[in-house]
Each structure stands twice: as structure tokens, then as C-alpha cells.
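[1] below are the sequence and a predicted model for it; my questions follow.
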Amino acid sequence: MTESDPFESCTGFDWNEANAAKNWERHRVTPEEAEDAFFHDPFVLRSDPKHSKREKRYWALGKTSRERRLFIAFTIRRKRIRIISVRDMSHREIKEYERYEKSDS
């Protein structure tokens, strides 16, 4: 895993059952829907040093194939993406994401 591309050596996703259940109960996002957002452009990725005390964490803004815009907090463990939390983007996050959508066009 390099700083420039944390996904370089990733081989897939790893789900904690409690996190998957929490994301469904609180935000109605399935693991499959969360994973889908990683494969569509734009995908806005940032480091999350505020939450990286024990391990490096990231957050991302992405959209699914059904155009649902998601905020995703995750880490990478043993070459697998482990989603911690996923929810719909806030209004502020949507505005930020739209800047990337316009620059992609």
C-alpha cells in the first residue's frame, strides 16, 4: 500500500457483521451498495488523520450505479477494504462532490 494509491494492493472487501448491520439499521445501506460506490467516478478519497490513532483511516465520497451519493469511512486491513461506516452524503458533502462531477465532464 502506497500513500499515492492505498488501493494498489487491495484484493477485495472485508465486512464486520456488526458494522454491516449498523449501517443498514441507521442508514439503509447494504454492503453491496457501499462496495458499488468504489467503482464509479468521480470517487473522492481523503486521509482521515483525526480518526487514524490506531490504524490509518480514510473517507470517501462516491456514488452507486443507482446514483445514490454516499459518504464512506473505511480502513485497509490485510489488503482488504474494511468499511466502518457508510451513509448518504450531507448537503456540504454533496456540494463538494458536485465540484468533482463537473470537472469530470
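    Noted; the coordinates are in hand.
[2] wait, C10 touches R78, no?
    No - contact criterion Cβ atoms under 8 Å: C10 and R78 do not qualify, at 9.9 Å. Backbone N, C-alpha and C define where each C-beta goes, glycine included.
[3] who has more neighbours, the two?
    Of the pair C10 and R78, C10 is the one with more neighbours under other Cβ atoms under 10 Å, namely 16 against 8.
[4] contacting residues around that one?
    C10 sits next to 1, 76, 79-81 when contact means Cβ atoms under 8 Å, 6 or more residues apart in numbering.
[5] can you flag which of these belong to strands?
    Among the contacts of C10, the members falling in strands (DSSP state E) are 76, 80-81.
[6] of the contacts of C10, grab the buried ones for ChimeraX.
    Typed into ChimeraX, the line below selects the buried ones among the contacts of C10, using 16 or more other Cβ atoms under 10 Å:
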select :76,81
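[7] could I get the contacts of C10 as TSV with distance to R46 and pLDDT?
    TSV is the format used below for the contacts of C10 (distance: Cβ to Cβ, whole Å; pLDDT from 0 to 100):
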residue	distance to R46	pLDDT
M1	16	37
I76	14	94
K79	21	94
R80	20	96
I81	15	97
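[8] which one of the contacts of C10 is nearest A37?
    I81 (11.1 Å; Cβ to Cβ).
[9] just checking, that closest one touches I72?
    No - in this structure, I81 is not within contact of I72 by Cβ under 8 Å, at 9.2 Å.
[10] now for the two: what residues contact both?
    With Cβ under 8 Å, 6+ apart, I81 and I72 have common neighbours F38.
[11] can you tell me the element S65 falls in?
    Following DSSP states H and E, one finds S65 outside all helices and strands.
[12] alright, I will stop here.
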